[in-house]
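S.K.: Kindly return the folded structure for what I paste below:
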Amino acid sequence: MPTHQEIVDDANIRRNDIIDQEKAIQRQIGVVSHGKGRTKIQDLQALTDTDISLINAREMLDLVTLQALDQTAELAEIRKGLKAAVKNLTAKTAQIAKFGTIAQDVTKVLGGLDSLTTKIQAIAAEQKAAKIKTTT
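M.R.: Residues are numbered from 1 along each chain as shown. Prediction:
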């Protein structure tokens, strides 16, 4: 069972991974913006959408604090938000597949977010079991 501090540390690592990906996407947007035609517009849209999804995931990670991990309602909100971020980023990854390394790195971020979500689920289950035990 992961400790609360391990989850917070993991969230911080994921946050830094996301920041790195945001920077990489911004660089790629700069490259693509010098292109021409319809493909340019589609590529810019896919990259921008992925960047927005990463920002949303990072904002959810900002909620992962020691205090929040002690509150069942907060855990549910964080878990729900991270699951939505993983789903959204999974869809975006397919759209940016042509950008190779960026898509691969986003996939790694997804794996980290999914792992973190599983850890948060374990903490939530532990809290729920403890609550049931104290009420019976």
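
S.K.: Figure out the helix or strand that the spatially most central residue of the chain lives in.
M.R.: The residue at the geometric middle of the chain, judged as the C-alpha nearest the mean C-alpha position with CA atoms, centre = their mean, is residue 57 (3.9 Å). When elements are defined using DSSP states H and E, residue 57 is found to belong to helix 37-61.

S.K.: same question, residue 74
M.R.: Per DSSP H and E: helix 72-95 holds residue 74.

S.K.: who's in contact with that helix?
M.R.: With contact meaning CB atoms under 8 Å, 6 or more residues apart in numbering, helix 72-95 is reached by 46, 49-50, 53-54, 56-57, 60-61, 63-64, 67-69, 103, 106-107, 109-110, 113-114, 116-117, 120-121, 123-124, 127-128, 131. All C-beta spots, glycine's among them, are computed from the backbone N, C-alpha and C.

S.K.: Drop anything exposed from those residues.
M.R.: Burial by neighbour count, judged by 16 or more other CB atoms under 10 Å, picks out 46, 49-50, 53-54, 56-57, 60-61, 64, 68-69, 103, 106, 109-110, 113, 116-117, 120, 123-124 from the contacts of helix 72-95.

S.K.: In this protein, what helix or strand scores lowest on average pLDDT?
M.R.: Within the chain, no helix or strand scores below helix 66-69, which has a mean of 80 by mean pLDDT, DSSP states H and E.

S.K.: Distance from the chain centre to that one, please.
M.R.: Here the centre of helix 66-69 is set off from its chain's centre by 18 Å, with CA atoms, centre = their mean, to the nearest Å.

S.K.: So which elements touch that helix?
M.R.: Under the contact criterion of 3 or more CB pairs under 8 Å, 6 or more residues apart in numbering; DSSP states H and E, the helices and strands touching helix 66-69 comprise helix 4-32, helix 72-95.

S.K.: And for residue 88, the neighbour number?
M.R.: Residues within reach of residue 88, counting by other CB atoms under 10 Å, total 17.

S.K.: my bad, residue 41
M.R.: For residue 41, the number of neighbouring residues by other CB under 10 Å comes to 12.

S.K.: Likewise for the one 10 residues further on?
M.R.: Residue 51 has 20 neighbouring residues, counting by other CB under 10 Å.
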